[in-house]
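In: next comes the sequence, and after it the predicted model I'd like to discuss.
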Amino acid sequence: MTIRVLIVDDQMMVREGFSVLLNAMEGIEVVGEAVDGRQAIAQVAALRPDVVLMDIRMPEMNGLEATRHIVAADTDAKVLVLTTFDLDEYVYQALRAGASGFLLKDASARQLAEGVRVVAAGEALLAPSVTKRLILEFSKLSEVARSPDPAGVGELTERETEVLVLIAQGLSNAEIADRLLVAESTIKTHVSRVLVKLGLRDRTQAAVYAYETRLVTPA
């Protein structure tokens with residue numbers, strides 16, 4: 001099936017550039033654009049995209065607030081944050097609000113398309129080299145970071161806890177399956193149970209949860 005994408009950015013050249021790049025990729029179609037957060041919310045409701053490429057710093061309503069609205073509306077759209085800086089506190093807050101990952105604006109066409117496909121498939125865009133560092137940094141600094149929650153973690157089985165730790169380390173389902181020597185379908189079941197038990201939306205929030213509750217700590 002074709003992945004439907006909405007591009008949200010206040011700069012016309014950025015929107016047009018990403019639109020040209022993505023429309024040239026097989027299986028991806030840009031169905032709309034928005035210039036700020038308010039327009040993004042309206043476009044998500046009207047167009048029902050699969051993935052929203054969301055800039056953070058915009059006038060009227062920024063991407064952080066728009067992400068919160070889109071996630072709270074319980075749509076099927078996955079938010080992929082776009083930023084100029086990989087250590088942007090707003091990006092961390094967006095991940096915490098329910099964004100499925102982030103990309104730097106200087107990403108290549110291949111990286112952009114792959115990011116869209118990964119997020120559309122329900123995976124988190126959690127490259128260990130960048131996103132893990134971002135989550136670690138701002139989970140320490142954020143005033144709203146959770147305190148340790150042993151009760152929540154205690155709801156998980158030993159294997160589910162192990163899977164949660166590996167999610168936070170940036171591993172995909174296939175990589176976790178290889179690590180634990182089980183079928184990928186088994187890992188998918190474990191991931192689903194982790195999300196339900198902890199009341200989390202997706203893998204990205206699961207990774208943030210693991211760091212904020214200190215289940216995973218810096219090496």
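Out: Now that the structure is in, tell me what you want to look at. Numbers count the residues shown, from 1 in each chain.
In: where do the strands of this structure begin and end?
Out: 3-8, 28-34, 51-55, 78-83, 101-104 (DSSP state E).
In: want to try JSON lines for these, with mean neighbour count as columns?
Out: For the C-beta atoms, the positions are set from N, CA and C on the backbone; glycine is no exception. Output for the strands of the chain, formatted as JSON lines (neighbours: other Cβ atoms under 10 Å):
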{"stretch": "strand 3-8", "mean neighbour count": "25"}
{"stretch": "strand 28-34", "mean neighbour count": "19"}
{"stretch": "strand 51-55", "mean neighbour count": "28"}
{"stretch": "strand 78-83", "mean neighbour count": "25"}
{"stretch": "strand 101-104", "mean neighbour count": "22"}
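In: I'd like the ones you listed laid out as a markdown table, including mean pLDDT and distance to Thr189.
Out: Output for the strands of the chain, formatted as a markdown table (pLDDT from 0 to 100; distance: least, Cβ to Cβ, whole Å):
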| stretch | mean pLDDT | distance to Thr189 |
| --- | --- | --- |
| strand 3-8 | 97 | 25 |
| strand 28-34 | 97 | 29 |
| strand 51-55 | 95 | 25 |
| strand 78-83 | 89 | 21 |
| strand 101-104 | 82 | 22 |
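In: dump those to CSV, plus distance to Lys188.
Out: Shown next, in CSV, are the strands of the chain (distance: least, Cβ to Cβ, whole Å):
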stretch, distance to Lys188
strand 3-8, 20
strand 28-34, 24
strand 51-55, 20
strand 78-83, 17
strand 101-104, 18
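In: out of those strands, which is closest to Ser19?
Out: Minimum separation from Ser19 across those (Cβ to Cβ) falls at strand 28-34, 4.6 Å.
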